[in-house]
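> have a look at this fold, sequence not included:
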Ligand code: HXC
């Protein structure tokens, strides 16, 4: 499909979606959000894709929702359109894993998009923030909820109430990102990680993702039961037999997603 605000490339079973509105630091306008949703849906439906990566430019992952597009909207319009509601569902509901590779600014909706992915790898120049407070609004794509779960109440309040940016070192220290790498290495490292995930059984990968996400929605007892039942169910798969046989036979497993 021909996109104007993103670039999509698939290789080694990894679909890399690059946000590409450099003149606005990849601000999320309606066209970009729609194209991103379409690209993620396509990747979900493409059996060749086993992992996705969402990234931006060296200067900006995304500097937030597009303020130019939002500024004049009325309350009735944003409610009627469910602004950033259903349009973000393809990313939020993806079953395949999505890694956010963040360089530069990930602000407002950009930070929220990164947090909507399964985990974040960032470059040393990354800056995360929820500066919506400076615009007379608040985060609206999960910032108050996901950031709090990532970094705890104190840091989340600090970020959301002051609008300050968090650098890469702090982001790793507080658990917002899984790894920090030099800028030039960001895509190389992220692709290595994505390819590693793509080599696993898709059944295990999707199940692990589902179980981790369940932990945010339920009690510990229910979550543990869910995990155990999913674990049990895997003994019905060929990939469980293959994975364990391969270990015992001291060879690499050949997973077939069955
Ligand atoms: C529209 C944006 C933009 C945005 C940057 N630009 N961010 N346009 N929406 N969110 C545009 C600028 O207007 C400018 O366009 C160009 O990108 C380059 O930006 P500069 O400001 O000149 O760059 P710089 O001085 O390096 O500063 C970078 C920056 C700053 C610190 C990231 O651009 C900034 O503060 N941006 C806004 C960040 C923000 O408030 N995000 C939250 C948005 S609200 P021109 O044409 O002048 O060159 C949000 C709500 C989500 O995300 C929830 C919705 C429901």
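Received the coordinates, thanks. Predicted, not measured: the structure shown is a model, and the values here were computed from it.

> surely residue 162 meets residue 130?
No: Residue 162 is beyond contact range of residue 130, at 9.5 Å (criterion: Cβ atoms under 8 Å). For the C-beta atoms, the positions are set from N, CA and C on the backbone; glycine is no exception.

> the two: who's more crowded?
Neighbour comparison, residue 162 and residue 130: the larger count goes to residue 130, with 29 against 13 (by other Cβ atoms under 10 Å).

> what's the pLDDT at that one?
What the model reports for residue 130 is a pLDDT of 98.

> and the gap between it and the ligand?
Separation of residue 130 from the ligand (Cβ to the nearest ligand atom, to the nearest Å) stands at 8 Å.

> number the chain from 726, please
New numbering, starting at 726: the last item is residue 855.

> quick check: phi and psi at that residue.
phi -120, psi 80 (degrees, to the nearest 10).

> and what of residue 853?
As for residue 853, its main-chain torsions (degrees, to the nearest 10) stand at phi -110, psi 140.

> again with the one 5 residues further on
Residue 858 has phi and psi values of phi -60, psi -30 when expressed as degrees, to the nearest 10.

> wait, what's in contact with it?
885-888 (Cβ atoms under 8 Å, 6 or more residues apart in numbering).

> same check, this time on residue 926
Contacts of residue 926 by Cβ under 8 Å, 6+ apart are 962, 964, 968, 978, 980-982.

> repeat that for residue 848.
783, 827-829, 893, 905-908, 910-911.

> returning to that earlier point: mind checking which of the contacts of residue 858 are buried?
885, 888 (16 or more other Cβ atoms under 10 Å).

> show me what counts as buried in stretch 746-757.
So stretch 746-757, judged by 16+ other Cβ under 10 Å, has buried residues 746, 749-755, 757.

> correction: stretch 873-889
873, 875-876, 880-881, 884-885, 888.

> helix or strand for residue 918, which one?
helix 911-923 (DSSP states H and E).

> over to residue 886?
Residue 886 belongs to helix 878-887 when elements are defined using DSSP H and E.

> tell me if the next helix or strand after that helix is near the ligand.
Proceeding N to C from helix 878-887, the next assigned helix or strand is strand 890-892, under DSSP H and E. No: under the criterion of Cβ under 6 Å from any ligand atom, the ligand is not reached by strand 890-892; the shortest gap measures 8.0 Å.

> what is strand 890-892 packed up against?
strand 852-854 (3 or more Cβ pairs under 8 Å, 6 or more residues apart in numbering; DSSP states H and E).

> so what does the strand it packs on touch, helix or strand wise?
Using 3+ Cβ pairs under 8 Å, 6+ apart: strand 852-854 touches strand 830-832, helix 834-841, strand 890-892.

> out of the ones you listed, which is closest to residue 795?
helix 834-841 (9.8 Å; Cβ to Cβ).

> who does the helix or strand just after the closest one pair up with?
Proceeding N to C from helix 834-841, the next assigned helix or strand is strand 844-848, under DSSP H and E. The strands beside strand 844-848 in its sheet (DSSP bridges) come out as strand 823-827 (parallel), strand 904-906 (parallel).

> nearest to residue 948, out of these?
Evaluated with Cβ to Cβ, these place strand 823-827 nearest to residue 948, the distance being 21.5 Å.

> for that closest one, what is the distance to the chain centroid?
Taking the mean of its C-alpha atoms, strand 823-827 sits 5 Å from the chain's own mean (Cα atoms, centre = their mean, to the nearest Å).

> can you give me the angle that strand makes with helix 834-841?
Direction vectors for strand 823-827 and helix 834-841, defined by axes from the mean of the first three to the mean of the last three Cα atoms, to 10 degrees, enclose an angle of 140 degrees.

> residue 932: which of the contacts of residue 926 is nearest?
Lowest distance from residue 932 to the contacts of residue 926 (Cβ to Cβ) belongs to residue 962, with 9.6 Å.
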